[in-house]
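Trainee: What follows is a predicted structure for the sequence shown.
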Amino acid sequence: MADPVLLLTIFIIAVALAFDYVNGFHDAANSIATVVSTRVLTPTQGVVWAAFWNFVAAFTFGTAVAKTIGSGLLDVKQVDSYVILAALIGAIVWDLITWYIGLPTSSSHALIGGYAGAGIAKAGLGIIIPGGWINTMIFIILAPMLGMALGMINLVVILNIFKKSIPASVDHIFRRGQLISAAAYSLGHGTNDAQKTMGIIAGALFIVPEYREYVSDAAGKLFIPFWIVLIAHAAIGLGTLSGGWRIVHTMGSRITKLQPMGGFAAEAAGAITLFGAAHFGIPVSTTHTITGAIVGVGSLRRLRSVHWNVAGRIVWAWILTIPASAAMAMLCWLLIDWGRKLF
């Protein structure tokens with residue numbers, strides 16, 4: 001008879017990869033909205049380009065974010081497999097709801113909200129590691145502001161460099177430049193978001209004594225083996241390849257209309273922010289980052305060019321994401337716990 005612990009662990013890893021796929025599907029807009037809205041690439045070309053760089057990210061920025069997710073947010077001594085399962089289900093449900101209505105919410109915050117909600121349902125508020133949440137909560141506000149500020153700075157620098165040029169004469173430069181900036185942003189998106197799933201998978205193995213040795217270093221601390229890195233990046237790349245077109249429309253044209261110059265400035269700003277966050281192990285929202293950059297670029301050209309009512313809906317969705325996904329994960333944990341006791 002198959003080991004029930006092994007079967008549960010395999011199932012959790014499968015659900016984690018399903019979340020990673022949905023993350024890529026849901027957040028494809030983050031990587032390709034600007035390059036598609038400026039018509040540098042077709043939607044199909046855009047998702048293939050983004051998916052390729054999502055996967056290449058496996059070989060670049062390490063696993064600092066994964067370690068934060070795996071052991072820095074909740075007390076792993078109080079976490080069990082059912083907490084992780086409930087967290088993943090809650091995050092997936094919220095992602096699918098917001099995808100359906102076309103809102104670019106954060107898959108990252110859905111995951112950490114679900115993780116916190118399921119943990120609290122099991123063990124109460126004492127399971128939370130306050131220090132691990134400080135940077136994450138600060139960057140909920142800081143990431144879009146950094147994206148906005150860097151987007152504005154990039155555009156100001158570009159406009160000054162090319163101030164004597166006719167816009168049409170430099171358009172071809174930024175159309176090519178957007179291929180580079182979109183690749184850089186997709187690299188940042190892949191390295192930050194795939195690492196969150198890596199952390200969950202490694203955490204699911206770490207909490208089971210029989211499998212802890214596979215994800216532990218010599219000091220007994222959480223370690224992310226390369227096979228987890230590869231499968232996480234493959235899953236998010238496949239999700240991006242599928243593309244969430246409803247959100248692409250919102251991100252690429254409903255917030256503001258972008259030209260290649262503005263698209264390049266926004267993508268470069270988002271990439272810089274994500275590279276910095278990955279380096280310091282901070283799980284930021286790629287959605288918040290690129291939205292802030294798009295708004296910054298659009299508002300610099302003309303405040304009225306930004307559709308502030310659309311931006312306002314997005315901000316409300318951001319505010320709701322962590323508590324909503326936490327509530328869904330709490331409900332999932334209660335249902336799982338009820339089912340365990342019943343059967």
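Mentor: That came through fine.
Trainee: Then residue 325 would be within a helix, right?
Mentor: Yes. Counting by DSSP: H, G, I helix; E, B strand; the rest coil, residue 325 falls inside a helix.
Trainee: centre of the chain versus stretch 8-23, how much separation?
Mentor: Centroid displacement of stretch 8-23 relative to its chain, using CA atoms, centre = their mean, to the nearest Å, is 15 Å.
Trainee: Give me the contact list for it.
Mentor: Stretch 8-23 is contacted from outside by 81, 84-85, 88-89, 91-92, 95-96, 99, 107, 111, 193-194, 196-197, 200-201, 204-205, 208, 211, 231-232, 235-236, 238-239, 242, using CB atoms under 8 Å, 6 or more residues apart in numbering. In short, each C-beta sits where N, CA and C put it, glycine included.
Trainee: Average pLDDT for that stretch, rounded please.
Mentor: What stretch 8-23 shows for mean pLDDT is 90.
Trainee: How about stretch 118-138?
Mentor: Taken as a whole, stretch 118-138 has a mean pLDDT of 88.
Trainee: swap in stretch 179-192?
Mentor: The predicted model gives stretch 179-192 an average pLDDT of 84.
Trainee: Repeat that for stretch 299-319.
Mentor: The average of the pLDDT scores along stretch 299-319 is 63.
Trainee: okay, how far is it across that stretch, tip to tip?
Mentor: 22 Å (CA to CA, to the nearest Å).
Trainee: Show me the shaky parts of this structure.
Mentor: 1-2, 26-31, 33, 103-104, 167-168, 243-258, 301-314, 317 (pLDDT under 70).
Trainee: what helices or strands is the helix ranked longest in it leaning on?
Mentor: Across the chain, the longest stretch assigned as helix under DSSP state H is helix 167-206. Applying 3 or more CB pairs under 8 Å, 6 or more residues apart in numbering; DSSP states H and E, we find helix 167-206 packed against helix 4-37, helix 43-56, helix 64-71, helix 81-100, helix 107-123, helix 226-242, helix 260-280, helix 286-301.
Trainee: for these, which one sits closest to residue 184?
Mentor: Closest approach to residue 184 among the helices and strands packed on helix 167-206 is made by helix 260-280 (3.8 Å; CB to CB).
Trainee: tell me the angle that closest one makes with helix 286-301.
Mentor: Per axes from the mean of the first three to the mean of the last three CA atoms, to 10 degrees, the angle that helix 260-280 makes with helix 286-301 is 140 degrees.
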